[in-house]
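> Pasting a predicted model and its sequence here:
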Amino acid sequence: MKKAELIKYFKTRFPAVNEGGGDWRFTLIDDDTGYAFMYPKLGGPSYNQNIGTALGMNPRWFEEMGENIFEVGVGSYLFTTGDGNVYVESGGQVTEEHLDAVLKKAMDWYQRCCTEEVIAPMLKRKYDVYNRPGGWQFTHIIACVLKGDVEKLQTYLDAFKRGDRMEFIPIIYQEYFERAIPLAEKYRSGELVSPVRF
């Protein structure tokens, strides 16, 4: 199979965006449950091709909370896979049957990621530690809100007001904590209930 055939196959099934450099992002899910995308790629020699995907997803409630706090969306994905970590080997040339198989694996991955048993430990890990790079800190703030941890968020806000960024990445702004604290108070009081216990 050639790359153009792979792109054509997925474009007939999913909304697609050409991100340049030959990379196409396909929206697998965009509904009430959540949002998920994939980047499919052919790999391996012509006599033993494989089809791999990089995946990312957010539950819908996570997306909505990100919009409330950050106003421009979450800024990261709760779950991602490495490039090509979900894959199917063909034992020859990749065919549509292999594309169907990798698509099923991608959908199965999405369904697993939507479960509390998978989400809870991820949120707990990101709640416990904040000073990791990239999108980790966006999820940390959301986890603090869901926990109702007003004190932790207030500590961050107070530090930002003093000019101490506490190892937060440059795209984390003071107003995020200002919007997060009233939400956290609602989760603490029980006015709002976390969709996941962690």
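Everything's here; your move. Residues are numbered from 1 along each chain as shown.
> Spatially nearest residue to residue 105 (excluding sequence neighbours)?
The spatial neighbour of residue 105 that comes closest, neighbours along the chain excluded (Cβ to Cβ, 6 or more residues apart in numbering), is residue 86 at 5.1 Å. From N, CA and C alone the C-beta is placed, and that goes for glycine too.
> Was I right to think the one you found contacts residue 53?
Yes - counting by Cβ atoms under 8 Å, residue 86 sits close enough to residue 53 to count as a contact (4.9 Å).
> more neighbours, the two?
Summary of the neighbour comparison: residue 86 and residue 53, criterion other Cβ atoms under 10 Å, with residue 53 having more neighbours (24 against 19).
> Direction included, what does the helix or strand hosting the more buried one pair against?
With secondary structure defined by DSSP states H and E, residue 53 is part of strand 50-59. Looking at strand 50-59 with DSSP bridges, its paired strands and their directions are strand 34-43 (antiparallel), strand 79-80 (antiparallel), strand 86-89 (antiparallel).
> what's the most buried one of those strands?
When neighbours are counted by mean count of other Cβ atoms under 10 Å, the highest per-stretch mean among the strands paired with strand 50-59 falls to strand 34-43, a mean of 21.
> Tell me where the chain has helices.
Taking DSSP state H, the helices of the chain run over residues 3-11, 60-70, 96-113, 116-128, 136-147, 150-162, 174-189.
> In CSV, list the C-alpha atoms belonging to the lowest-mean-pLDDT helix or strand in the chain.
Lowest mean confidence among the helices and strands of the chain (mean pLDDT, DSSP states H and E): strand 86-89, at a mean of 90. Taking Å, rounded to 0.1, in the frame of the first residue of the first chain, the C-alpha atoms of strand 86-89 are listed here in CSV:
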residue,chain,number,x,y,z
VAL,A,86,-0.9,1.0,18.3
TYR,A,87,0.0,-0.9,15.1
VAL,A,88,-0.7,-4.0,13.0
GLU,A,89,2.0,-5.9,11.0
